[in-house]
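Student: build me a structure from this.
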Amino acid sequence: MIEAGLIVARLLHYVAVTTLAGASFFPLYAYRWKSVRPISLQRRLQSVLFAAANVALLSGILWFVFAVANMSGTLDRVLDREMLSTVLGDTGFGKVWSARFILTVVIVVVIWNGFDSKSDPRSSVIVPVLTAALLISLAGVGHTQVEEGIAGAVHLVSDAGHLLAAGAWLGGLIPLALVLAAGRADREASSVADLDQILIRFSGMGYAAVATLVGTGLVNSWYLVGNITGLLTTQYGQLLLAKLALFAGMLSLAAINRIWLVPSMNNTNADGCGSIWKSRLRTHVLAEQALGLLVLLIVSVLGTIRPAIGQ
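Tutor: Down below sits the predicted model:
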């Protein structure tokens with residue numbers, strides 16, 4: 001019960017924070033700085049950010065509740081003052097969680113205020129910076145606490161880079177889906193050209209994200225798995241292999257999108273047949289999102305079990 005609750009809370013939090021980061025990063029690279037986005041798309045993106053921020057806040061509280069229960073062995077001690085004082089004041093998890101809770105509240109307030117702002121949200125980097133900080137702070141409540149000194153610092157930085165890359169790619173799929181959905185009814189040549197440029201820029205970001213994920217993933221595996229035996233014979237290693245298989249599936253879909261679907265859509269737009277390829281592209285993006293959700297589920301489980309190293 002407690003372990004299952006902890007996994008669910010972690011999953012909800014990872015999904016929310018990843019969405020926050022990806023959706024807030026998206027306008028920074030997908031659009032030209034002085035270009036104007038459709039107001040309807042801008043509002044929908046703002047709504048996604050606000051919903052994700054609230055889920056991040058609530059799931060963070062839920063994570064803390066089940067983490068305390070896991071430490072004490074029972075849900076009955078979650079409201080025990082002595083237990084709460086010990087977790088918040090004497091554990092690394094409690095200290096990082098407190099800072100992250102405050103940061104999440106700030107993000108909710110900033111995004112809420114953005115609904116009343118008449119300025120273009122791309123003119124400010126406040127939300128992307130705050131969400132990036134919230135995302136990389138997850139490295140402080142994971143297995144990076146195992147090492148100390150230089151090794152601990154390297155692992156922490158590597159994990160932070162891994163989280164940022166995952167947030168940009170996985171979280172960016174949601175605003176990309178919104179753009180594709182918004183473009184269905186708009187067949188103007190200018191809109192088609194804008195969509196083409198957005199897809200190209202998203203692909204460029206994806207290349208950088210994948211390279212970062214591979215590099216930091218190797219570093220993290222060195223610290224948490226250690227060798228092939230640990231990868232093949234431990235529960236941690238086997239789950240990591242499953243995660244890599246899902247990652248390969250996402251990478252294959254992304255490659256098909258970039259090499260086949262996007263060029264085919266561009267070549268047929270002039271003839272009015274691009275909607276067929278655009279529909280296929282939307283399907284692939286949804287499939288990437290589904291695989292990404294499974295990846296986050298495995299990450300949520302991995303955080304609750306002992307790493308393969310040393311077993």
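Student: quick one: the helices in this structure, in order.
Tutor: Taking DSSP state H, the helices of the chain run over residues 2-30, 39-72, 81-90, 92-114, 126-136, 149-182, 189-224, 228-233, 235-256, 262-269, 274-302.
Student: against V157, how distant is the closest residue in space to V210 that isn't next to it in sequence?
Tutor: Counting by CB to CB, 6 or more residues apart in numbering, the nearest residue to V210 once its immediate chain neighbours are dropped is L251, at 6.5 Å. For every residue, glycine as well, the C-beta is placed using N, CA and C. Using CB to CB, to the nearest Å, L251 is found at 24 Å from V157.
Student: check L20 too.
Tutor: When distance is defined by CB to CB, L20 is 21 Å away from V157.
Student: need the contact partners of stretch 225-245.
Tutor: 221, 224, 295, 298-299, 301-302, 305-311 (CB atoms under 8 Å, 6 or more residues apart in numbering).
Student: do that again at 6 Å, thanks
Tutor: Counting by CB atoms under 6 Å, 6 or more residues apart in numbering, the neighbours of stretch 225-245 from elsewhere in the structure are V295, I298, L302, I305, P307, A308, I309, Q311.
Student: buried ones in it, by neighbour count?
Tutor: By neighbour count, and taking 16 or more other CB atoms under 10 Å as the criterion, the buried residues in stretch 225-245 are V225, G226, G230, L231, T234, Y236, G237, L239, L240, A242, K243.
Student: more neighbours, L20 and V157?
Tutor: When L20 is set against V157 and neighbours are counted by other CB atoms under 10 Å, the residue ahead is L20, at 30 against 15.
Student: switch the buried residues of stretch 225-245 over to TSV; also include pLDDT and distance to S24.
Tutor: Formatted as TSV, the buried residues of stretch 225-245 follow (pLDDT from 0 to 100; distance: CB to CB, whole Å):
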residue	pLDDT	distance to S24
V225	88	32
G226	80	36
G230	82	36
L231	85	34
T234	90	36
Y236	90	32
G237	91	34
L239	94	29
L240	93	29
A242	95	29
K243	94	25
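Student: quick check: the farthest pair among those residues?
Tutor: Maximum pairwise distance among those (CB to CB): 18.4 Å, between G226 and A242.
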